[in-house]
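A.B. asks: Return a 3D structure for these sequence lines:
(one chain, ligands or ions: 1)
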Amino acid sequence: MVENTHFNFRKLVTSLLIAAAVAGAVLPAWRFTVDPILAAKAPDRPPGSADDLQAFAAIEPIDTHVHAFKTDPAFVELVARLRLHVLDICVADSQGIYGELSTELARAKSFVQSSHGHARLCVTFRPFGFQQKDFAQNTVKQLRQEFAAGAIAVKIWKNIGMELKTADGKYVMPDDAAFRLIYKEIAAANKTLVAHVAEPSSCWQPPNPDSPDYSYYNENPEWYMYLHPDHPRKEVILAARDRLLAENPKLRVVGAHLGSMEVDVDEIAKRFDRYPNFAVDTAARMEYLMIQPREKVRNFLIKYQDRVLYGTDLEFLIDEPTPDALKDWQETYSRDWQFLATDHTLEYHGRKIQGLNLPPPVLHRIYHDNAIRWIPGIAPASK
Ligand SMILES: [Zn+2]
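C.D. replies: Next up is the predicted model:
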């Protein structure tokens, strides 16, 4: 199902052009400009970020993990200027972080519609009724309608494994029989499951201000499992995820957030070796790649260059001023590009991080090809 990537001449030429553009030797006729107002507001913007964004745009990047629920022509213009394609992901939670699910879905759909083909929809389903009699059948029916209307992927969230319980008080895991029919349907429709399962390890550990997720758990104590020792351990949840992968070999699964194996790329590699239907996105976990040993991460990304999808977790929310979002998105793309594509030194939490300077063909897979292969329909296959 997941073919090997065959290197072709056109890709080689593209890669060389990108490499040259990065080196500053060749610049396309058009110059990429950062909005001067935004640039002025961000004095800490690293020098050369306009060039970074230009090289980023040249690769025709695909961000496989965003949450965009607002429509604004200025934003559509940015996405077009960056030659960016995104997967707009809906989340079904009981807290309503993005509002009621039907509202969230309607907003995501208008974002996708306004994007001139630059955004595609990843839907979700309400898992809360998993014990009701026709839960799976009804969900399958709903998903069929969404697929017919253009959805290309389905998201499950961490509430499966960490929050939802059966009537007798057992936590329901992502491989529960209640979801079996749904996974079969996603595979049969040739769509992709985006699985945010479990959380970073720091979720189960004492507070540590150096952790990339310290502020998240400060602000969201209900998700901070260190405070809830009665909830399932991370290993238990990931073991259930692994069973899901084994039981559904025809289902393509993209593990969001490095598949919650963010502290050690060796753990991801083990799963890649075992489950050919599994890939991961980098959403909101790039910092974890920055703080692991550079050569180890670099070798991992080169060895598994067909299995890692670029994703950010960037948001564009209904009540957010558009200029703030534009700034945030550009800064994130610029920073990630510096880390993956250059050998520049970045600052992170007082540490100096040297960019990975990945070979252009590897960058091309992580930023473009893998998204198309793992999430068909996300962007046109031909360049
Ligand atoms: Zn997300």
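A.B. asks: where along the stretch 151-300 of the chain do the strands fall?
C.D. replies: In the stretch 151-300 of the chain, the segments counted as strands under DSSP state E, counting those that start in this stretch are 153-156, 192-195, 252-255, 278-281.
A.B. asks: ok, now the stretch 1-150 of the chain?
C.D. replies: Under DSSP E, counting those that start in this stretch, the stretch 1-150 of the chain gives strands at 62-68, 85-89, 119-124.
A.B. asks: Let's have the ones you listed in JSON lines, adding mean neighbour count.
C.D. replies: The way it works is simple: take the backbone N, C-alpha and C, and place the C-beta from them, glycine included. Formatted as JSON lines, the strands of the stretch 1-150 of the chain follow (neighbours: other C-beta atoms under 10 Å):
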{"stretch": "strand 62-68", "mean neighbour count": "26"}
{"stretch": "strand 85-89", "mean neighbour count": "27"}
{"stretch": "strand 119-124", "mean neighbour count": "24"}
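A.B. asks: Tell me which of those lies nearest to Tyr288.
C.D. replies: strand 62-68 (14.8 Å; C-beta to C-beta).
A.B. asks: ok, residues contacting that closest one?
C.D. replies: 75, 84-91, 98, 108, 111, 119, 194, 254, 256, 281, 283-284, 309-317, 333, 367-368, 371-372, 374-375, 378-379 (C-beta atoms under 8 Å, 6 or more residues apart in numbering).
A.B. asks: quick one: that strand to strand 119-124, angle?
C.D. replies: Inter-element angle recorded for strand 62-68 and strand 119-124: 60 degrees (by axes from the mean of the first three to the mean of the last three C-alpha atoms, to 10 degrees).
A.B. asks: Kindly export strand 62-68 (C-alpha atoms) in PDB.
C.D. replies: Output in PDB follows, covering the C-alpha atoms of strand 62-68 (Å, rounded to 0.1, in the frame of the first residue of the first chain):
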ATOM      1  CA  ILE A  62       2.600  20.700   2.600                       C
ATOM      2  CA  ASP A  63       1.700  21.300   6.300                       C
ATOM      3  CA  THR A  64      -0.300  18.100   7.300                       C
ATOM      4  CA  HIS A  65      -1.500  19.400  10.600                       C
ATOM      5  CA  VAL A  66      -3.200  22.700  11.100                       C
ATOM      6  CA  HIS A  67      -6.400  23.900  12.800                       C
ATOM      7  CA  ALA A  68      -7.800  26.800  10.700                       C
END
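A.B. asks: In the sheet, which strands lie alongside it, parallel or antiparallel?
C.D. replies: strand 85-89 (parallel), strand 314-316 (parallel) (DSSP bridges).
A.B. asks: Relative to Pro174, tell me which of the ones you listed wins on proximity.
C.D. replies: It is, among the strands paired with strand 62-68 and with distance given as C-beta to C-beta, strand 85-89, at 16.6 Å.
A.B. asks: out of the strands of the stretch 1-150 of the chain, which comes closest to Val362?
C.D. replies: strand 62-68 (15.0 Å).
A.B. asks: In CSV: the strands paired with strand 62-68, plus mean pLDDT.
C.D. replies: Shown next, in CSV, are the strands paired with strand 62-68 (pLDDT from 0 to 100):
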stretch, mean pLDDT
strand 85-89, 98
strand 314-316, 97
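A.B. asks: would a markdown table of those with distance to Glu267 be doable?
C.D. replies: Listed next are these as a markdown table, based on distance: least, C-beta to C-beta, whole Å:
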| stretch | distance to Glu267 |
| --- | --- |
| strand 85-89 | 24 |
| strand 314-316 | 25 |
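A.B. asks: Pipe the strands of the stretch 151-300 of the chain into TSV and attach mean neighbour count, mean pLDDT and distance to His228 per row.
C.D. replies: Output for those, formatted as TSV (neighbours: other C-beta atoms under 10 Å; pLDDT from 0 to 100; distance: least, C-beta to C-beta, whole Å):
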stretch	mean neighbour count	mean pLDDT	distance to His228
strand 153-156	25	98	21
strand 192-195	26	98	22
strand 252-255	26	98	23
strand 278-281	27	98	26
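A.B. asks: of all those, which lies closest to Arg271?
C.D. replies: Taking those one by one with C-beta to C-beta, strand 278-281 is closest: 5.6 Å.
A.B. asks: Show residues contacting that closest one.
C.D. replies: 2, 64-65, 194, 245, 252-259, 261, 268, 271-272, 306-311, 370, 374.
A.B. asks: Let's see which of those residues end up in helices.
C.D. replies: Among these, DSSP state H puts 245, 256-259, 268, 271-272, 370, 374 in helices.
A.B. asks: Could you tell me the end-to-end distance of stretch 118-130?
C.D. replies: 34 Å (C-alpha to C-alpha, to the nearest Å).
A.B. asks: Pull the most distant pair out of the ones in helices among the contacts of strand 278-281.
C.D. replies: Counting by C-beta to C-beta, the most remote pair of those is Leu245 and Asn370, 17.3 Å apart.
A.B. asks: higher neighbour count, these two?
C.D. replies: The residue with more neighbours, out of Leu245 and Asn370, is Asn370; 25 against 22, by other C-beta atoms under 10 Å.
A.B. asks: isn't the more buried one right up against Tyr304?
C.D. replies: No - no contact is recorded between Asn370 and Tyr304 when judged using C-beta atoms under 8 Å, the distance being 10.0 Å.
A.B. asks: can you list the strands of the stretch 151-300 of the chain in TSV and add distance to Glu185?
C.D. replies: Formatted as TSV, the strands of the stretch 151-300 of the chain follow (distance: least, C-beta to C-beta, whole Å):
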stretch	distance to Glu185
strand 153-156	9
strand 192-195	10
strand 252-255	13
strand 278-281	19
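A.B. asks: which residues of the stretch 151-300 of the chain fall in helices?
C.D. replies: 159-162, 180-188, 214-219, 234-247, 256-259, 265-274, 286-291, 294-303 (DSSP state H, counting those that start in this stretch).
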